[in-house]
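Visitor: pasting a predicted model and its sequence here:
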Amino acid sequence: MKRRTLPVAAALAATAALLLTACGSGDDNSKDNDKIAGADQGSETPKASASASGAPAEDKPDGVDVSLPKDMNLVFDWDKPKDKNEAAAMDDAANYIRAIYHGVVKRTADDAGVVAYSTGDGLHYAQVQINERVKGGWTATGTRRHYDVSTRSTTNGSAVEVSFCVDSSKFYGKEVKTGKVLKTTPSITDFGYFKIIMVKVPTADSLWQASKVYVQEKAAKCQ
């Protein structure tokens, strides 16, 4: 993706519409589950956060907190698949998104949730996204909806592609220092189509990490 310098309001209009920008390109027509792009990305065992709050879930990173402020609402309007692995991968794809915004709120790209729920290119990209918002002095507010989800697995079950639509028309940038909400005019730029490649962590029965992220901007099919 080409980058250019934008005024604060314009930049937030772009970043509010997309939590993630593409770190590669996907193939919507591929039907070969053994050729999911990024499925060969290795996973790493996450480290616990000593300062994080909340009781750990079974087989999940100990003490990791991905909670968000009340004014930041990430809605996952998803029906879980019957396949156990795909359901777990879908849950942790949502946790990955929450972790990025938790890092934005805490103003650190080294947030325990980001480290727990991502690896390789997925980790790098999450940290870049957080750092861009920290540098710009932005956080976010409002409701961001994720819907029309689908999943597909590699034959050996080690990777799952989680695809979904995003509606950011009611999700806005907010200046950290002033608390000013930077609203934008609703448009097709509020809609995106995402693919997150989740890879299973060998040492944790139900933990999955985002290894790559792909996005289609201005996704008319998601309107």
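Guide: Nice, thanks for sending it over.

Visitor: ok, Asp91 - contacts?
Guide: 80, 208 (Cβ atoms under 8 Å, 6 or more residues apart in numbering). For every residue, glycine as well, the C-beta is placed using N, CA and C.

Visitor: against Thr141, how distant is it?
Guide: 25 Å (Cβ to Cβ, to the nearest Å).

Visitor: and the residue located most distally from the centre of the chain, how far from Thr139?
Guide: Each residue of the chain has a distance to the centre, and by Cα atoms, centre = their mean the biggest one is for Thr178: 26.3 Å. According to Cβ to Cβ, Thr178 and Thr139 sit 11 Å apart.

Visitor: now do Tyr96
Guide: From Tyr96 to Thr139 the distance is 18 Å (Cβ to Cβ).

Visitor: so what's the residue count around Lys70?
Guide: 6 (other Cβ atoms under 10 Å).

Visitor: secondary structure element for it?
Guide: Assignment of secondary structure by DSSP states H and E places Lys70 within no helix or strand.

Visitor: equivalent analysis for the one 10 residues further on, please.
Guide: No secondary structure element spans Lys80, as it lies outside all helices and strands (assigned by DSSP H and E).

Visitor: which residue, other than its chain neighbours, is closest to it?
Guide: Using Cβ to Cβ, 6 or more residues apart in numbering and skipping the chain neighbours, the partner closest in space to Lys80 is Ala87 (4.5 Å).

Visitor: ditto for Asn95
Guide: Tyr117 (4.9 Å).

Visitor: ok, now which ones touch that neighbour?
Guide: 46, 61, 64, 66, 92, 95-96, 99, 208-210.

Visitor: please repeat the previous calculation with a cut-off of 10 Å.
Guide: Listed by Cβ atoms under 10 Å, 6 or more residues apart in numbering, the contact set of Tyr117 reads 46, 60-61, 64, 66, 91-100, 111, 123, 126, 198, 201, 207-210.

Visitor: tell me which residue lies nearest the centroid of the protein.
Guide: Nearest to the chain centroid, counting by Cα atoms, centre = their mean: Ile97, 3.0 Å.

Visitor: looking at it, it is touching Leu74, isn't it?
Guide: Yes - Ile97 is within contact range of Leu74, at 6.3 Å (criterion: Cβ atoms under 10 Å).

Visitor: quick revisit: need the per-residue pLDDT for the residue farthest from the centre of the chain.
Guide: pLDDT for Thr178: 96.

Visitor: so it: helix, strand or coil?
Guide: coil (DSSP: H, G, I helix; E, B strand; the rest coil).

Visitor: which neighbours do Ile97 and Leu74 share?
Guide: 19, 66, 144, 146, 166.

Visitor: so of those, which ones are in strands?
Guide: Among the shared contacts of Ile97 and Leu74, the members found in strands (DSSP state E) are 144, 146, 166.

Visitor: got the residues you listed as JSON lines, with distance to Phe191, pLDDT and neighbour count columns?
Guide: Shown next, in JSON lines, are those (distance: Cβ to Cβ, whole Å; pLDDT from 0 to 100; neighbours: other Cβ atoms under 10 Å):
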{"residue": "Arg144", "distance to Phe191": "11", "pLDDT": "97", "neighbour count": "23"}
{"residue": "His146", "distance to Phe191": "12", "pLDDT": "98", "neighbour count": "22"}
{"residue": "Val166", "distance to Phe191": "7", "pLDDT": "97", "neighbour count": "25"}
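
Visitor: alright, I will stop here.
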